[in-house]
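Participant: sequence unknown, structure follows:
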């Protein structure tokens, strides 16, 4: 009788551990999926950089430092494997893109250029999607990290080596706000 009760309790503990393990896997996969969404938006942003640089270059040849900095930041971000470094570089790149777009104010012909206006609109769209993807990713990381650090999930997470995920957070205050771009109709 006691053996049967112990066997039932042991069986329930195994089932409980399996349920927790599966939930942790689901949450970890949610974090990975959310990172993929951010990566897609970063790729879209990176694809816009050369086109924006070329559009501005035709009008603002003396602004070479800004153009070069944005291009170099794009390359550094694509090469960076560390999430914290990538977030910092993307923060810098967003500031550079803001400066690049702000150049249009000094060049009326550029500001009226249809190609440039289209690129501006695409950049605003990408930045909006990127902000949403960051929020979604950080929410998924928060849920996942809470699960692997609290009882009873921690009892399964530690032996199976679930690790805390990093948040994707901007460093600068200017990244916390969507870029403000004037759109002429």
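Facilitator: Structure's in. What do you need? Quantities reported herein were computed from a predicted structural model and do not represent experimental measurements.

Participant: phi, psi of residue 164?
Facilitator: Backbone torsions of residue 164, given as degrees, to the nearest 10, read phi -60, psi 140.

Participant: Tell me how many other residues crowd the closest residue to it other than its chain neighbours.
Facilitator: Nearest residue to residue 164, sequence neighbours excluded (C-beta to C-beta, 6 or more residues apart in numbering): residue 145, at 5.2 Å. Every C-beta, even on glycine, is put in place using the N, C-alpha and C of the backbone. For residue 145, the number of neighbouring residues by other C-beta atoms under 10 Å comes to 18.

Participant: May I ask which helix or strand encompasses residue 145?
Facilitator: Taking DSSP states H and E as the definition, residue 145 sits inside helix 114-149.

Participant: residues of the helix or strand of the chain with the lowest mean pLDDT that come out buried?
Facilitator: Lowest by mean pLDDT, DSSP states H and E among the helices and strands of the chain is helix 108-112, with a mean of 79. Buried residues in helix 108-112, defined by neighbour count with 16 or more other C-beta atoms under 10 Å: 110-111.

Participant: Please tell me how far it is from the chain's geometric centre.
Facilitator: Put simply, helix 108-112 sits 31 Å off its chain's centre (C-alpha atoms, centre = their mean, to the nearest Å).

Participant: just stretch 33-52 next, same as before
Facilitator: In terms of C-alpha atoms, centre = their mean, the centre of stretch 33-52 is found 9 Å from the chain centre.

Participant: which other residues reach it?
Facilitator: With contact meaning C-beta atoms under 8 Å, 6 or more residues apart in numbering, stretch 33-52 is reached by 70-71, 74, 77-78, 86, 90, 93, 97, 100-101, 116, 119, 122-123, 126-127, 129-130, 133-134, 136-137, 139-141, 168.

Participant: Selection in PyMOL covering whichever of those are buried, please.
Facilitator: The PyMOL selection below is limited to those of the contacts of stretch 33-52 classed as buried (16+ other C-beta under 10 Å):
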select buried, resi 70+71+74+77+86+90+93+97+100+101+116+119+122+123+126+127+129+130+133+134+136+137+140+141+168
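
Participant: What values do phi and psi take at the residue positioned nearest the centre of the chain?
Facilitator: Centroid-nearest residue in the chain: residue 38, 3.8 Å away (criterion: C-alpha atoms, centre = their mean). Backbone torsions for residue 38, taken as degrees, to the nearest 10, come to phi -60, psi -40.
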